[in-house]
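# sequence and computational prediction follow.
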Amino acid sequence: MILALSAGELISKSEKLWIAHKYQESNKILRKALATTPGNVEKAEIYWRTALNLYDMAEGMSGKAHQARHDNYTRMGGLSKKCMALAPKMPECYLFYATGMSRQATQKGILNSLEKALEIEKNYLKVIELEATYRTERGELNILGDAYCRLGTFYRLLPEWSEIKRLYKIKGDKKKSIDMLRKAVEIEPGRIEYAKELGISLVCYGESTNNRQVVDEGIMWLKKIRKLKVLKPTDKIDKKHAKMILADLEMACGYSRDAQQDVSRESFEKKKK
């Protein structure tokens, strides 16, 4: 007699499929795991892993697949809330909630989503507060590293103007962006995404302050990516984007992998009218 796999065994199988970049197949296995009526902790893990698959599927879509991407990022939010309700101390729940919200913001445009900024920051910080430890063997998924990386990217994209702080209780901080991204790289030195985002934030800050030394460090990080090993499909995109930024450093401050952002003061003033 062939025994049915337990929820835990199915979750492990889904991770192997995720590592193999078979995201839809991984989610199919997670649906089977959910059907085994697992306990709360396992159920919460099924939810965040499903959100992870949705994220990676969306990140690999073409820029024209706007609605499909938006749908995936929106579903991530619902799944992550279920995860939080079942396991409020599971950091992965908060990471994928914040990630889904961040991507909805960049799809809509950062300047059109400022009212969500404080909640996004709060949830990334929660991952750090809970001291996430989960990582895959090769580090293509590192929950704490991802939190620092995405928080660093968030601080770069968010405008630094005092008016933003007055209106939304939060503003961007390019120095803090660099600090967060240095922590991400320290946690997982081989991650292409982390090195790319650090390089871009350094270029952004250096260009904004006319500090050539900082710009040169950013360029160094963007060039270093060439020698790093590709671990996941988005790494190939990130390598191309690093070259794109090197060819046009002015893109750095508004760079987001899914869509270049307009973060100009002029556009902000127009939106206020």
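Yep, it's here.

# for whichever helix or strand Glu207 is part of, output the C-alpha coordinates as CSV.
Element membership of Glu207, judged by DSSP states H and E, is helix 192-209. In CSV, the C-alpha atoms belonging to helix 192-209 read as follows (Å, rounded to 0.1, in the frame of the first residue of the first chain):
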residue,chain,number,x,y,z
ILE,A,192,23.3,39.1,-7.3
GLU,A,193,20.2,41.1,-6.4
TYR,A,194,21.7,42.3,-3.2
ALA,A,195,24.9,43.5,-4.8
LYS,A,196,23.0,45.1,-7.6
GLU,A,197,20.7,47.1,-5.3
LEU,A,198,23.7,48.2,-3.1
GLY,A,199,25.5,49.4,-6.2
ILE,A,200,22.5,51.3,-7.4
SER,A,201,21.9,53.0,-4.1
LEU,A,202,25.5,54.0,-3.9
VAL,A,203,25.3,55.5,-7.4
CYS,A,204,22.1,57.2,-6.5
TYR,A,205,23.4,58.7,-3.3
GLY,A,206,26.8,59.7,-4.9
GLU,A,207,25.1,61.4,-7.9
SER,A,208,22.7,63.2,-5.6
THR,A,209,25.5,64.6,-3.4
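
# gap between it and the chain center?
Distance, stretch centre to chain centre, for helix 192-209: 16 Å (CA atoms, centre = their mean, to the nearest Å).

# next SSE downstream of it?
helix 212-224.

# Glu193 contacts Thr234, correct?
Yes - applying CB atoms under 8 Å as the test, Glu193 and Thr234 come out as touching, 6.7 Å apart. C-beta here means a position set from N, CA and C on the backbone, and glycine is covered the same way.

# who has more neighbours out of the two?
Summary of the neighbour comparison: Glu193 and Thr234, criterion other CB atoms under 10 Å, with Glu193 having more neighbours (26 against 19).

# could you find the closest non-adjacent residue to that one?
The shortest distance from Glu193 to any residue that is not its chain neighbour, by CB to CB, 6 or more residues apart in numbering, is 5.4 Å, and that residue is Asp238.

# tell me which element the one you found falls in.
Counting by DSSP H and E, the element that carries Asp238 is helix 233-247.

# return the set of buried residues in that helix.
Counting neighbours by 16 or more other CB atoms under 10 Å, one finds that the buried residues in helix 233-247 are 234-235, 237-239, 241-242, 245-246.

# the stretch 51-200 of the chain: helices as residue ranges?
66-86, 91-108, 117-129, 143-157, 162-168, 174-187, 192-209 (DSSP state H, counting those that start in this stretch).

# adding mean pLDDT, write the ones you listed out as JSON lines.
Converted to JSON lines, those look like this (pLDDT from 0 to 100):
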{"stretch": "helix 66-86", "mean pLDDT": "96"}
{"stretch": "helix 91-108", "mean pLDDT": "97"}
{"stretch": "helix 117-129", "mean pLDDT": "98"}
{"stretch": "helix 143-157", "mean pLDDT": "98"}
{"stretch": "helix 162-168", "mean pLDDT": "94"}
{"stretch": "helix 174-187", "mean pLDDT": "98"}
{"stretch": "helix 192-209", "mean pLDDT": "98"}
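
# possible to save these as TSV with distance to Trp48?
Supplementary listing: these in TSV, determined by distance: least, CB to CB, whole Å:
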stretch	distance to Trp48
helix 66-86	5
helix 91-108	4
helix 117-129	11
helix 143-157	9
helix 162-168	28
helix 174-187	19
helix 192-209	19
